[in-house]
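>>> With the input below, show me the fold.
(chains A, B, C and D)
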Number of protein chains: 2
Amino acid sequence: MSKSYSISDLAAEFDISTRTIRFYEEKGLLSPRRVGTAREYASAERVKLMLILRGKRLGFSLEQSRDIIDLYDPAAGNMKQLQLLLDRIGEKQAELLQKRKEINSMLADLKQAKENCEKAQEAIANKR
Amino acid sequence: MSKSYSISDLAAEFDISTRTIRFYEEKGLLSPRRVGTAREYASAERVKLMLILRGKRLGFSLEQSRDIIDLYDPAAGNMKQLQLLLDRIGEKQAELLQKRKEINSMLADLKQAKENCEKAQEAIANKR
DNA sequence: GATTATATTGACGTTAACGTCAACGTAATC
DNA sequence: GATTACGTTGACGTTAACGTCAATATAATC
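Down below sits the predicted model:
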């Protein structure tokens, strides 16, 4: 019994609009089942949506997120497809490692700024 | 003798257009000196540009990047300003730590996908 | 069965982040 | 001094990622 979700369920859970969810489908990122005319999302689709939103927060475009989702595609048939997939996984990993590096740089910068700030505070305090 | 740069120097170095650099200025992110009518960028301005571009790669908007740049502002006069600055630095740090977490999740996911992929490869290889 | 809630498609609007193009100025070079 | 290189300011165009609104359908509720 895997759960299923309505479009407004997901919209509420992730605090986005239904329009946004339909837009992702329009762009080929989601493909919910249809119950009559209404959309029904399996938990796999919900995971995809999570991946999209996480990607967004990290500065990936929708197209890049679609590529990332495709990396989890189980339909990788033959040997050549698998190797291509592995290559692209490797590329994405490198990209993410780079981002992590830059985040670490940014954190180091902020730490420095913080220290300077605190020194300035002490300087003011000592003037009293 | 701190170096200075023309707009096309920076454009070439960071592989962006001069229009982009002027656009950042228009949005209040850069403020180069003027030599006659032409713009001249000190190394501090160059650093700002680097911060903007790094921010972009990490999913920050230009407005967010401007906020981040302001965190390095040395013009924090009194005690209250300093405390506000420290608070905002703390917020940005938290935000970055969250991003790093998400990157780590993504890396873990990709690692999993890679292993599955390699298993599938071996399965095919053993069929021969 | 009338209302209310939730869904659909389609069309047009909007914002951020630039690109592109025109018209013009200035500085160095041949 | 004509050309070439590089700069400037508008002004309008473009793309991604949605928002907004209208008209309509379906499902649940009173």
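
>>> What distance do you get for A:Thr18 to DNA strand D?
Going from A:Thr18 to DNA strand D by Cβ to the nearest atom of the strand, to the nearest Å gives 8 Å. C-beta coordinates here come from the backbone N, C-alpha and C atoms, glycine included.

>>> show me the contacts for that residue.
Counting by Cβ atoms under 8 Å, 6 or more residues apart in numbering or on different chains, A:Thr18 touches A:7-8, A:11.

>>> How is chain A divided into domains?
A:1-59, A:71-128 (automatic domain parsing).

>>> What subset of the contacts of A:Thr18 is buried?
Among the contacts of A:Thr18, those scoring as buried are A:7, A:11 (criterion: 16 or more other Cβ atoms under 10 Å in any protein chain shown).

>>> so which of the contacts of A:Thr18 comes closest to DNA strand D?
A:Ala11 (9.1 Å; Cβ to the nearest atom of the strand).

>>> Flag every residue of chain A that's near DNA strand D.
A:16-17, A:19-20, A:23, A:27, A:36-37, A:56, A:61-63 (Cβ under 7 Å from any atom of the strand).

>>> The closest residue to chain B within chain A in helix, strand or coil?
Nearest residue of chain A to chain B (Cβ to the nearest Cβ) works out as A:Gly59 at 2.9 Å. With DSSP: H, G, I helix; E, B strand; the rest coil as the basis, A:Gly59 sits in coil.

>>> which residues touch it?
A:Gly59 neighbours (Cβ under 8 Å, 6+ apart): A:99, B:56-60.

>>> Now which of the residues you listed would you call buried?
Using 16+ other Cβ under 10 Å, the buried ones in the contacts of A:Gly59 are A:99, B:58, B:60.

>>> quick revisit: kindly reformat the domains of chain A as a markdown table containing mean pLDDT.
Below are the domains of chain A laid out as a markdown table (pLDDT from 0 to 100):
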| stretch | mean pLDDT |
| --- | --- |
| domain A:1-59 | 95 |
| domain A:71-128 | 90 |
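
>>> between these, which one is nearest to B:Asp67?
Checking the domains of chain A against B:Asp67 by Cβ to Cβ gives domain A:71-128 as the closest, at 11.9 Å.

>>> Give me the buried subset of the residues of chain A next to DNA strand D.
A:Ile16.

>>> Need the max-distance pair from the residues of chain A next to DNA strand D.
A:Gly36 and A:Ser61 (33.1 Å).
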